[in-house]
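A.B. asks: The sequence and its predicted three-dimensional model are supplied below.
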Amino acid sequence: MALTAISNENKVTSIESKQPEQASTLFDVRDLNLWYNQTQALKQINLTIQQNNITAIIGPSGCGKSTFLKTLNRMIDLTPSVTTTGDIYYKHDNMLADSYNPEQLRTRVGMVFQKPNPFPKSIYENVAYGPKIHGIKDKKILNQIVEKSLRDAYLWDEVKDRLKDSALGLSGGQQQRLCIARTLAIEPDVILMDEPTSALDPVSTAKIEELIQQLKEDYSIVIVTHNMQQAGRISDQTAFFLNGEVVEFNDTHTMFHEPSDSRTHDYINGHFG
Amino acid sequence: MKFASNMTFRLKLNQLAKGAFLSATLFGVVVLIILMAQVTIDGIQWIDMQFITSHLSNTASKAGIMGPILGTLLLMVVVIVVTLSIGVGAAIYLELYAKNSRLNGFIQTNIRNLAGVPSIVYGILGLTIFARLMDLGNTVLAGGFTLSLLVLPIVIVASQEALRSVPNDISEASYGLGATTWQTIQRIILPTALPGILTGAILAVSRSIGETAPLVVLGIPALLIPFPNGFNDQFTALPLQIYYWTLDSVLVDEYANLAAATIIILMTILITLNLTAIIIRNKFQKHV
């Protein structure tokens, strides 16, 4: 591929000037570099992610977009052999600092994974898991949380009569909405989504996309997607990753209609990736 | 057409190979059947309530094996408690807490090597440490600890494999909700790995209670001792009783029959344990 020949010059377009004044910064990523052993996966990432927005991260396979997402809630810590430099400020605290507690961060920054991954437990227990590990024991409160989370994930009507059944009996799309409900149950500020519809059929995908639009009212969402149309449909901002760098970061409409970098143009128009 | 030359011969050779491999497979089964048949013929008519519930005796017709049965059951309890706590604990540390360091690799290799150490060597170790140094003498505890050492590597390796087979994505889901490693182990990983761990532990226990050599080294008697009442009592065990009766069968012919009868009882206990392991495995496999 000719991609390796592309210069390392960074053409990150600052988003701040184009944002409405009231939007406040959620993540402020500064000079983030990340290595798997000797291989550099993220190079000098600088970007800011705004509150109550949907931020899409697009790019070809292996461009570092999932890696970047996993650093935002430090799930990347679970991978041995990863080293990072740089800072990520989450609400003004540098959450990459050793003193920052990743468990605490993950209660504020929830995650929905690529493949639906319900626990091999009942539907109820899946949703109640988060509140329980954070110390809620009262059955009444748990019941309320489970119902509210399932309603918010548009799953309640489909499962209300079989909450005690195993979550593994649900369809793929239902499982993914259950995983979203499970994340909503701990009321995070941000939900990270790693290609949440890539394992689903078009109907389930449409439901999840609709759900994401609804969630935007109360949550900030960062979504990694392979699907250009999906990014175009649902996101407010889009970051285009290539070979571990941010090539372009802009509001989605501008990015898709007048990309400032030729590589973005080529990628969006399906010339590679 | 050219390629069909010698086809008859090749087909015959194939049949021959199949036959050879089949007889290799049947060999084990046949040996087991002969063994069981022989033991059953020698021992079955000696098994009755009197045999199971009585004390040992020099008189063959009065002898019973309640003592060795109790000894073996008490040993099992010690082995289960020790191997499950230490074995599963070590496996959890190695699989879930330890980083992939050189030291970790060194420990892993040594645990695997320990599994190959002859059982009589463990007997000598048990004699030195438990019987003499800790002054436990030839009690149930000393025997149980020694047998636990013997099967600990098996339990650790089996538990590690069970823990490793828990899908990564469900533990990730737990971490993603802010759970600590211990919460994730407790609520997600251990429950999912439990059938595998239990299967490994039961098979290890069934191996340990069939062991004779370490108990011989520990000096476990086959005398007319009272029934063991607890873990600090002297005891004797089924395999030892088989050993001593077989030794003395040159003096009293009926001792050979008593040994055979005892083998039937021991085999019954072992097969029950192994069946339990299979049932646990099958029952939980359906759910996952």
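C.D. replies: Sure, I can see it.

A.B. asks: where do the strands sit along chain A?
C.D. replies: All strands of chain A, identified by DSSP state E, fall at A:25-36, A:39-50, A:54-58, A:82-90, A:93-94, A:109-112, A:190-194, A:220-224, A:237-242, A:245-251.

A.B. asks: residues in contact with B:Leu177?
C.D. replies: Counting by CB atoms under 8 Å, 6 or more residues apart in numbering or on different chains, B:Leu177 touches A:106-107, A:110, A:129-130, A:133, A:182-183, A:186. For every residue, glycine as well, the C-beta is placed using N, CA and C.

A.B. asks: So which of these reach chain B?
C.D. replies: Residues of these in contact with chain B (CB under 8 Å from any CB of the partner chain): A:106-107, A:110, A:129-130, A:133, A:182-183, A:186.

A.B. asks: can you put those residues in a markdown table and add pLDDT and distance to B:Asn282?
C.D. replies: A markdown table is the format used below for those (pLDDT from 0 to 100; distance: CB to CB, whole Å):
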| residue | pLDDT | distance to B:Asn282 |
| --- | --- | --- |
| A:Arg106 | 95 | 37 |
| A:Thr107 | 94 | 39 |
| A:Gly110 | 94 | 37 |
| A:Tyr129 | 96 | 27 |
| A:Gly130 | 95 | 32 |
| A:Ile133 | 94 | 31 |
| A:Arg182 | 96 | 30 |
| A:Thr183 | 96 | 34 |
| A:Ile186 | 94 | 36 |
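
A.B. asks: of those, buried ones?
C.D. replies: Neighbour-count burial (16 or more other CB atoms under 10 Å in any protein chain shown) applied to these gives A:106-107, A:110, A:129-130, A:133, A:182-183, A:186.

A.B. asks: after the strand or helix carrying B:Gln15, next one along is what?
C.D. replies: Following DSSP states H and E, one finds B:Gln15 within helix B:7-43. Under the assignment DSSP H and E, the closest C-terminal helix or strand after helix B:7-43 is helix B:49-53.

A.B. asks: for that following helix, packing partners?
C.D. replies: helix B:66-82 (3 or more CB pairs under 8 Å, 6 or more residues apart in numbering or on different chains; DSSP states H and E).

A.B. asks: Can you list the neighbours in contact with the following helix or strand past the helix it packs on?
C.D. replies: Using DSSP H and E, the helix or strand that follows helix B:66-82 in sequence is helix B:88-92. Applying CB under 8 Å, 6+ apart, the contact partners of helix B:88-92 are B:111, B:152, B:155-157, B:159-160, B:162-163, B:185, B:190, B:197, B:201.

A.B. asks: quick one: which of those residues sit in helices?
C.D. replies: B:111, B:152, B:155-157, B:159-160, B:162-163, B:190, B:197, B:201 (DSSP state H).

A.B. asks: Take the residues you listed and write them to TSV, including distance to chain A and neighbour count.
C.D. replies: Shown next, in TSV, are the ones in helices among the contacts of helix B:88-92 (distance: CB to the nearest CB, whole Å; neighbours: other CB atoms under 10 Å in any protein chain shown):
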residue	distance to chain A	neighbour count
B:Ile111	21	19
B:Leu152	27	22
B:Val155	24	29
B:Ile156	21	29
B:Val157	21	20
B:Ser159	19	29
B:Gln160	17	25
B:Ala162	14	24
B:Leu163	15	22
B:Leu190	13	18
B:Ile197	16	23
B:Ala201	21	23
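
A.B. asks: which ones are touching the residue most central in space within chain A?
C.D. replies: Residue closest to the average C-alpha location in chain A (CA atoms, centre = their mean): A:Leu192, at 2.4 Å. Contact analysis of A:Leu192 by CB under 8 Å, 6+ apart lists A:69, A:72-73, A:109-112, A:221-223.

A.B. asks: for A:Ala239, same thing?
C.D. replies: A:47, A:55-58, A:246, A:248-249.

A.B. asks: from those residues, which is closest to B:Val79?
C.D. replies: Nearest to B:Val79 among those: A:Ile57, at 53.8 Å, using CB to CB.

A.B. asks: I'd like the distance between A:Ile208 and chain B.
C.D. replies: 17 Å (CB to the nearest CB, to the nearest Å).

A.B. asks: Can you tell me which of the contacts of A:Ala239 has the most neighbours?
C.D. replies: A:Ile57 (30 neighbours; other CB atoms under 10 Å in any protein chain shown).

A.B. asks: Which residue is the nearest non-sequential neighbour of residue 259?
C.D. replies: Chain wasn't specified; assuming chain A. Nearest non-adjacent residue to A:Pro259, counting by CB to CB, 6 or more residues apart in numbering or on different chains: A:His265, 4.6 Å away.

A.B. asks: actually it's chain B I care about, not the one you picked
C.D. replies: B:Trp245 (4.0 Å).

A.B. asks: quick one, phi psi at that neighbour?
C.D. replies: The phi/psi pair for B:Trp245 (degrees, to the nearest 10) reads phi -60, psi -40.

A.B. asks: Quick check: the gap between it and B:Ile69.
C.D. replies: When distance is defined by CB to CB, to the nearest Å, B:Trp245 is 14 Å away from B:Ile69.

A.B. asks: Below-threshold pLDDT in chain B: ranges please.
C.D. replies: Counting by pLDDT under 70, the ranges of chain B that qualify are B:1-2, B:223-224, B:285-288.

A.B. asks: Point to the residue nearest the middle of it.
C.D. replies: In chain B, the centroid-proximal residue (CA atoms, centre = their mean) is B:Arg207; its distance is 1.8 Å.

A.B. asks: so who does that one touch?
C.D. replies: B:151, B:154.

A.B. asks: Is it in a helix, a strand, or coil?
C.D. replies: helix (DSSP: H, G, I helix; E, B strand; the rest coil).

A.B. asks: do you know how far it is from chain A?
C.D. replies: B:Arg207 is 30 Å from chain A, by CB to the nearest CB.

A.B. asks: Can you check the pLDDT for A:Pro131?
C.D. replies: If you check A:Pro131, the pLDDT there is 95.

A.B. asks: Would you mind measuring from A:Tyr124 to chain B?
C.D. replies: When A:Tyr124 is compared with chain B (using CB to the nearest CB), they lie 14 Å apart.

A.B. asks: show me what contacts the residue nearest to that residue when sequence neighbours are not counted?
C.D. replies: Residue nearest to A:Tyr124 in three dimensions, not counting chain neighbours: A:Leu163, with 4.2 Å by CB to CB, 6+ apart. For A:Leu163, the contact set (CB under 8 Å, 6+ apart) comprises A:122-124, A:146.
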